[in-house]
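In: Take this sequence and fold it.
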Amino acid sequence: MDKISITAASVVAEADLKSARLGQRFGRLDLSSQLALLAVAELKINFAEFANGRVGIVFAASAGSLATDVNFWNGRHGVGGPSPTLFAYTLPSAAVGEIAIHFKLTGPDLCFVGDGKNLLREAADLIRRGETDACVCIFCEAVTADCGKIISTAPVAAAHAVLVRRGEGIVELREFDRDFKALCALISQSKSAV
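Out: As a prediction, the model looks like this:
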């Protein structure tokens, strides 16, 4: 039984944040953390069904924490200087910590900066090596207008998430599945068509 499958998928955009109800801390999070946390919540997984410490997190942020870094840097001219609260989110892995705290996930985690093409492979490796029973994979694109000017990219705010685990699921993971966004969109569309 070496079959590894995707058992849930979600796609969220900035517009979805307005109706999100994920606790009092949610409004204080940076854009990347909000998107990532909401994408995982939209998976609608009961993580209590898993053994403690057996769910991993594999995260990729297309622009790292650059949107938050720019926001923090621009705050130096404001009254009181840059926000100490915002400083905590100037690391690309901040969203991983927020997901782990919110869902009480204490398994291994990985954070990548760039595209999401390694997410599924890394999750499958963690499962095959026996380090986890399941992995939440998230690809987040958080590029604000100010950030987009610096890196010559159009603004975008979206997150894609899947739960990968051993056994049967919606889609069996294949060795060459690399287009994370397309796979999430395909699964999300097929779920809504049912």
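
In: Most remote residue from the middle of this structure, which is it?
Out: Distance from the centre of the chain peaks at residue 79, with 32.5 Å (Cα atoms, centre = their mean).

In: residues contacting that residue?
Out: With contact taken as Cβ atoms under 8 Å, 6 or more residues apart in numbering, residue 79 is in contact with no other residue. All C-beta atoms are positioned from the backbone trio N, CA, C, and that covers glycine.

In: That one belongs to a helix?
Out: No: assignment of residue 79 by DSSP: H, G, I helix; E, B strand; the rest coil gives coil, placing it outside any helix.

In: Using the three-state scheme, assign residue 100.
Out: Here residue 100 is recorded as helix under three-state DSSP.

In: Tell me if I'm right that it and residue 111 touch.
Out: No: Residue 100 is beyond contact range of residue 111, at 11.3 Å (criterion: Cβ atoms under 8 Å).

In: and the most centrally placed residue in the chain, how far is that from residue 73?
Out: The C-alpha lying nearest the average C-alpha coordinate of the chain belongs to residue 138 (Cα atoms, centre = their mean; 3.0 Å). Using Cβ to Cβ, to the nearest Å, residue 138 is found at 25 Å from residue 73.

In: same question, residue 150
Out: In terms of Cβ to Cβ, residue 150 sits 10 Å off from residue 73.

In: Just the element for residue 130, please.
Out: Following DSSP states H and E, one finds residue 130 outside all helices and strands.

In: Next, count neighbours for it.
Out: Neighbours of residue 130 under the rule other Cβ atoms under 10 Å: 8.

In: and if you look at residue 77?
Out: Residue 77: 8 neighbours (other Cβ under 10 Å).

In: C-alpha coordinates for stretch 33-49, CSV please?
Out: C-alpha atoms of stretch 33-49 as CSV (Å, rounded to 0.1, in the frame of the first residue of the first chain):
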residue,chain,number,x,y,z
SER,A,33,-0.3,34.0,6.5
GLN,A,34,-4.0,34.9,6.1
LEU,A,35,-4.2,33.3,2.7
ALA,A,36,-2.3,30.2,3.7
LEU,A,37,-4.3,29.7,6.9
LEU,A,38,-7.6,30.2,5.1
ALA,A,39,-6.6,27.7,2.3
VAL,A,40,-5.9,25.1,5.0
ALA,A,41,-9.1,25.8,6.8
GLU,A,42,-11.0,25.4,3.5
LEU,A,43,-9.7,21.8,3.2
LYS,A,44,-12.1,21.0,6.1
ILE,A,45,-9.9,18.4,7.6
ASN,A,46,-10.3,17.2,11.2
PHE,A,47,-6.6,17.1,12.2
ALA,A,48,-7.6,15.5,15.5
GLU,A,49,-8.1,12.2,13.6
